[in-house]
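*Asks:* sequence and predicted structure below; questions after.
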Amino acid sequence: MRLLLVLIFAACPTLLIGQSVSAVDAGFIRSSAAYAEIILRKTELQADLETFLAGYTDANPKVIDLRSEIASLDKSMALIAAVKPTEAGKLTLALGKLIVRHASLDADHSRLSTGHNKDHPDLKRAKRKLEFFDAAIRELLR
């Protein structure tokens with residue numbers, strides 16, 4: 001009996017400190033390579049944004065691009081937070097890199113869509129690239 005209790009608490013140490021199941025779930029997500037990659041990129045972008053805001057207005061294209069990319073990463077973090085702890089193995093470094101690249105492409109697409117009509121070849125190429133990354137991310141999270 002004592003061995004069984006030791007094994008239970010070793011498998012789920014948060015039972016000892018009274019954390020909820022949702023806190024355990026969040027821990028699996030936060031300890032994943034994908035989450036770490038996204039946090040790394042988001043931190044870099046926020047630092048860059050802070051630097052640019054010291055000398056530029058919110059209307060500056062670089063500031064707009066940085067905010068757009070940060071927003072895209074925030075959406076992706078919500079997507080990752082929805083992954084079940086039993087599927088945490090899906091949250092690989094490769095997935096994190098795909099999500100980071102997707103956010104960059106999404107920001108490029110947003111910038112192009114404000115300056116071009118929907119039939120512009122550059123905008124179409126950017127949209128197609130974004131679709132490839134969307135498909136890859138969906139495939140890995142399936």
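*Replies:* Nice, I can see it.

*Asks:* residue 38: how many residues sit nearby?
*Replies:* Residue 38: 23 surrounding residues under other C-beta atoms under 10 Å. Glycine gets a C-beta too; all of them are placed from N, C-alpha and C.

*Asks:* next one: it from residue 59, what distance?
*Replies:* Distance from residue 38 to residue 59, counting by C-beta to C-beta, to the nearest Å: 27 Å.

*Asks:* the longest helix in this protein is where?
*Replies:* The longest helix of the chain (DSSP state H) is helix 93-115.

*Asks:* got a list of contacts for the following helix or strand past that helix?
*Replies:* Once helix 93-115 ends, the next helix or strand along the chain (criterion: DSSP states H and E) is helix 121-141. Here helix 121-141 makes contact (C-beta atoms under 8 Å, 6 or more residues apart in numbering) with 79, 83, 90, 92, 94-95, 98-99, 101-102, 105-106, 108-109, 112-113, 116-117.

*Asks:* dump helix 121-141 to CSV, restricted to CA.
*Replies:* Taking Å, rounded to 0.1, in the frame of the first residue of the first chain, the C-alpha atoms of helix 121-141 are listed here in CSV:
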residue,chain,number,x,y,z
PRO,A,121,0.7,38.4,-57.3
ASP,A,122,2.7,39.2,-54.2
LEU,A,123,-0.4,39.0,-52.0
LYS,A,124,-1.4,35.7,-53.6
ARG,A,125,2.1,34.2,-53.0
ALA,A,126,2.1,35.3,-49.4
LYS,A,127,-1.4,33.8,-48.9
ARG,A,128,-0.3,30.5,-50.5
LYS,A,129,2.8,30.3,-48.3
LEU,A,130,0.7,30.9,-45.2
GLU,A,131,-1.7,28.1,-46.3
PHE,A,132,1.3,25.7,-46.5
PHE,A,133,2.3,26.5,-42.9
ASP,A,134,-1.4,26.3,-41.7
ALA,A,135,-1.6,22.8,-43.2
ALA,A,136,1.6,21.7,-41.6
ILE,A,137,0.6,23.0,-38.2
ARG,A,138,-2.8,21.3,-38.5
GLU,A,139,-1.1,18.1,-39.5
LEU,A,140,1.1,18.0,-36.5
LEU,A,141,-1.7,18.9,-34.1
